[in-house]
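Novice: here are the coordinates; sequence isn't available:
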Ligand SMILES: C[S@@+](CC[C@H](N)C(=O)[O-])C[C@H]1O[C@@H](n2cnc3c(N)ncnc32)[C@H](O)[C@@H]1O
């Protein structure tokens, strides 16, 4: 196991990237799900989309060996800068890229739309793709394009860990009862908690999301519903695990 004691946590002013909570514990929990349920091995190649300030990278610093590798990209400049300066110099197989993609919350001045963005990686490069609390900040055309790009850069044995706010009969009923932490408003296939800041929290009609997975050559291995809707659960957002 590699020594990570020299790596300090990111400073508090970057916590906007993950909304607070226990940075190390939550990251470890997400990666444990990948190990337990997706047979994620220590020599695999990982793509972390919307990597923020490296919440998922931290547990991987210890887990991935020299044959494995990590690429993260994000539109939030300060998060990528911190990771590049504090992680990559010690761990050369961990790379972080800043991509200038429009997002009302994280990069409102960027010109490129997520719906048109081509990931800067070759076809069939990765074994595992992670999106933790990222599609919960993106619009329908954006996630359609990202799923198509994930299909391209993921190999034939690839797996995906992705979180959502999935809107289904049960979550709608719980919202009506005031049990959910979000009061989502419907706009076609997507829902937003705040119509004035639509990308702050975005939910998706569950069947719409499931159809998209199938269209982009993914099978649903498991859905681990989160407690955001008011159900009892160990995770906050809904975790969807996909295989080929
Ligand atoms: C709530 S944070 C989660 C960060 C990280 N995944 C984690 O678990 O700590 C959402 C992240 O998604 C990034 N993001 C939003 N839209 C994006 C896009 N179109 N492409 C890449 N990153 C995006 C934001 O900049 C932000 O860092």
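Specialist: Done, it's in. Treat the numbers as computed from the prediction; the structure is a model and nothing was measured.
Novice: Only C-alpha atoms from now on, for both contacts and neighbour counts.
Specialist: Fine.
Novice: Would you check how far apart the most centrally placed residue in the chain and the ligand are?
Specialist: Here the mean C-alpha position of the chain is nearest to the C-alpha of residue 131 (CA atoms, centre = their mean), at a distance of 1.7 Å. The gap separating residue 131 from the ligand is 6 Å, by CA to the nearest ligand atom, to the nearest Å.
Novice: in the sheet, who's paired with that residue?
Specialist: Beta-bridge pairing of residue 131 under DSSP bridges involves residue 162.
Novice: contacting residues for it?
Specialist: Residues in contact with residue 131 (CA atoms under 8 Å, 6 or more residues apart in numbering) are 48, 49, 50, 51, 160, 161, 162, 163.
Novice: Then residue 87?
Specialist: Per CA under 8 Å, 6+ apart, neighbours of residue 87: 7, 94.
Novice: tell me the pLDDT at the residue in the chain sticking out farthest from the centre?
Specialist: If you look at how far each residue of the chain sits from its centre, by CA atoms, centre = their mean, the farthest one is residue 177, at 28.6 Å. pLDDT for residue 177: 97.
Novice: One more: residue 189?
Specialist: For residue 189, the model assigns a pLDDT of 93.
Novice: What number of residues are in the vicinity of the residue lying closest to it once chain neighbours are set aside?
Specialist: Of all residues not flanking residue 189 in the chain, residue 205 sits nearest, at 5.5 Å (CA to CA, 6 or more residues apart in numbering). Using other CA atoms under 10 Å, the number of residues around residue 205 comes to 17.
Novice: can you tell me the helix or strand for the nearest residue in space to residue 28 that is not next to it in sequence?
Specialist: Nearest non-adjacent residue to residue 28, counting by CA to CA, 6+ apart: residue 59, 5.5 Å away. In the assignment (DSSP states H and E), residue 59 maps to helix 57-63.
Novice: rewinding a little: gap between the residue farthest from the centre of the chain and residue 189?
Specialist: Distance of residue 177 to residue 189, given as CA to CA, to the nearest Å: 22 Å.
Novice: Averaged pLDDT, the longest helix seen in the chain. What do you get?
Specialist: Counting residues, the longest helix in the chain under DSSP state H turns out to be helix 23-38. What helix 23-38 shows for mean pLDDT is 96.
Novice: Buried residues in that helix, which are they?
Specialist: Buried residues in helix 23-38, counting neighbours by 16 or more other CA atoms under 10 Å, are found at 23, 26, 27, 28, 30, 31, 34, 38.
Novice: before we move on, the earlier item: how far away is the residue farthest from the centre of the chain from the ligand?
Specialist: Computed as CA to the nearest ligand atom, the residue 177 to the ligand distance reads 26 Å.
Novice: same question, residue 136
Specialist: The gap separating residue 136 from the ligand is 8 Å, by CA to the nearest ligand atom.
Novice: Am I right that that residue is in contact with residue 164?
Specialist: Yes. Here residue 136 lies in contact with residue 164, judged by CA atoms under 8 Å, at a distance of 5.6 Å.
Novice: Find residues that contact each of these two.
Specialist: Common contacts of residue 136 and residue 164, defined by CA under 8 Å, 6+ apart, comprise residue 203.
Novice: Apart from its neighbours in sequence, what residue is nearest residue 3?
Specialist: Nearest one to residue 3, counting by CA to CA, 6+ apart, is residue 62 at 7.2 Å.
Novice: just checking, that neighbour touches residue 2?
Specialist: Yes. Shown here, residue 62 and residue 2 form a contact pair, counting by CA under 8 Å, at 5.3 Å.
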